[in-house]
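Visitor: Quick check, what structure comes out for this input:
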Amino acid sequence: MLHEDIKGYIHSTDSFGAVDGPGIRFVVFLQGCPLRCLYCHNPDSWKFGEGTQRTAGDLMEEILGYRSFLKRGGVTLSGGEPFAQMDFTKALLSLCRKNGFHTAVDTSGAVALSLSREGIDLTDLLLLDLKAYDPEECRKLTGQDNHHALETLDYCEKTKKPVWLRHVCLPGYTLYDEKLTRMAEFLKHYSCIERIELIPFHQMGSYKWDYLGESYQLAETEPPSAQEMERAKQIFLSRGLPAV
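Guide: Residues are numbered from 1 along each chain as shown. The predicted model follows:
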């Protein structure tokens, strides 16, 4: 089957994304995710086999219409979890490469490296969301430990694949000096990490949980203050890590 004919399930697209990789980017949000993060702001992207089914070729034609806006940016595959639709992800990345677009994949690292490796090799940049350094805490936050995510990070180090690492600062869970220090000490040995994005927890997607009839445990959790986020940032900067 040609790359153009491979089909995938799409949650949504954003033709002018500014927070998912360098520059202005066309962002493709794929449908389906194996995790159940307590703070997920897109729980409507969880279920597999839903969304809009499109071919890689059809989506590529749409992306090409924005080429002039994407010259200093590119295309980002997000989700959901892009590596959970591996055939489609590889097909779209291959078409992007053929057409000269810089690519990034925003992944939770929830998929085993044996399945995601080819996709990692095809993308120019990996946006890796490390939910927690401690595997049991990661399981409490997401329903799965961080084994695959750390394996993915090790592979990127080995292959010199550029990584922008992301971490959500969640009060009462991950936003503690001790936990952030342990993570920073662990990450400072990775040369593949070009940027660490510390993301403050927010409530912007909480209404979706109610709409979907899902139980939302963080309804009373307040977002972190600017001072708390600056303190977290300094923990990473003091260890030579490129935190923002």
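
Visitor: List the contacts of His11.
Guide: 29-31, 42, 44-45, 51, 79-80 (Cβ atoms under 8 Å, 6 or more residues apart in numbering). In short, each C-beta sits where N, CA and C put it, glycine included.

Visitor: farthest pair in the residues you listed?
Guide: Using Cβ to Cβ, the pair of the contacts of His11 lying farthest apart is Leu30 and Asp44, separated by 12.7 Å.

Visitor: These two: who's more crowded?
Guide: Leu30 (27 against 19; other Cβ atoms under 10 Å).

Visitor: in the sheet, who's paired with the more buried one?
Guide: Ile10 (DSSP bridges).

Visitor: so it sits right up against Gly80, yeah?
Guide: Yes. Contact criterion Cβ atoms under 8 Å: Leu30 and Gly80 qualify, at 4.5 Å.

Visitor: Helices of the protein, residue ranges please.
Guide: Assigned by DSSP state H, the helices in the chain fall at 56-64, 86-98, 113-122, 135-142, 147-159, 177-187, 206-212, 226-237.

Visitor: Can you say which of those is packed in most?
Guide: Comparing the helices of the chain by mean neighbour count (mean count of other Cβ atoms under 10 Å), helix 86-98 ranks first with a mean of 21.

Visitor: count of neighbours near Thr52?
Guide: For Thr52, the number of neighbouring residues by other Cβ under 10 Å comes to 12.

Visitor: pretty sure it contacts Thr13?
Guide: No. Thr52 lies out of contact with Thr13 (Cβ under 8 Å); the separation is 9.4 Å.

Visitor: May I have the residues that are in contact with the residue nearest the centre of the chain?
Guide: When Cα atoms, centre = their mean is applied to the chain, the residue found nearest the centroid is Asp106 (3.0 Å). By Cβ under 8 Å, 6+ apart, the contact list for Asp106 reads 20-21, 76-79, 82, 127, 129, 166.

Visitor: next one: Tyr9
Guide: 30-32, 48-53, 85.

Visitor: shared neighbours, Leu30 and Gly80?
Guide: Taking Cβ under 8 Å, 6+ apart as the contact rule, the neighbours common to Leu30 and Gly80 are 11, 45.

Visitor: picking that back up, and of the contacts of His11, the nearest to Tyr173?
Guide: Distances from Tyr173 to the contacts of His11, taken by Cβ to Cβ, are shortest for Asn42, at 18.8 Å.

Visitor: Isn't Leu165 up against Ile199?
Guide: No. Applying Cβ under 8 Å as the test, Leu165 and Ile199 come out as separate, 10.8 Å apart.

Visitor: Which one's more surrounded, these two?
Guide: Between Leu165 and Ile199, Leu165 has the larger neighbour count (other Cβ under 10 Å), namely 27 against 16.

Visitor: now that we're looking at that one, which residues does it contact?
Guide: 128-130, 153, 187, 193, 195-197.

Visitor: any residues touching the one helix or strand in the chain whose mean pLDDT sits lowest, and which ones?
Guide: Ranked by mean pLDDT, DSSP states H and E, the weakest helix or strand in the chain is helix 206-212, scoring a mean of 86. Outside helix 206-212, the residues that touch it by Cβ under 8 Å, 6+ apart are 41-44, 215-216, 218-219.

Visitor: out of those, which are buried?
Guide: Among those, those buried by neighbour count (16 or more other Cβ atoms under 10 Å) are 41-44, 216, 218.

Visitor: of these, closest to Leu115?
Guide: Closest approach to Leu115 among the buried ones among the contacts of helix 206-212 (Cβ to Cβ): Asn42, at 21.9 Å.

Visitor: how about the nearest residue to that closest one, chain neighbours excluded?
Guide: Using Cβ to Cβ, 6 or more residues apart in numbering and skipping the chain neighbours, the partner closest in space to Asn42 is Gly205 (6.2 Å).
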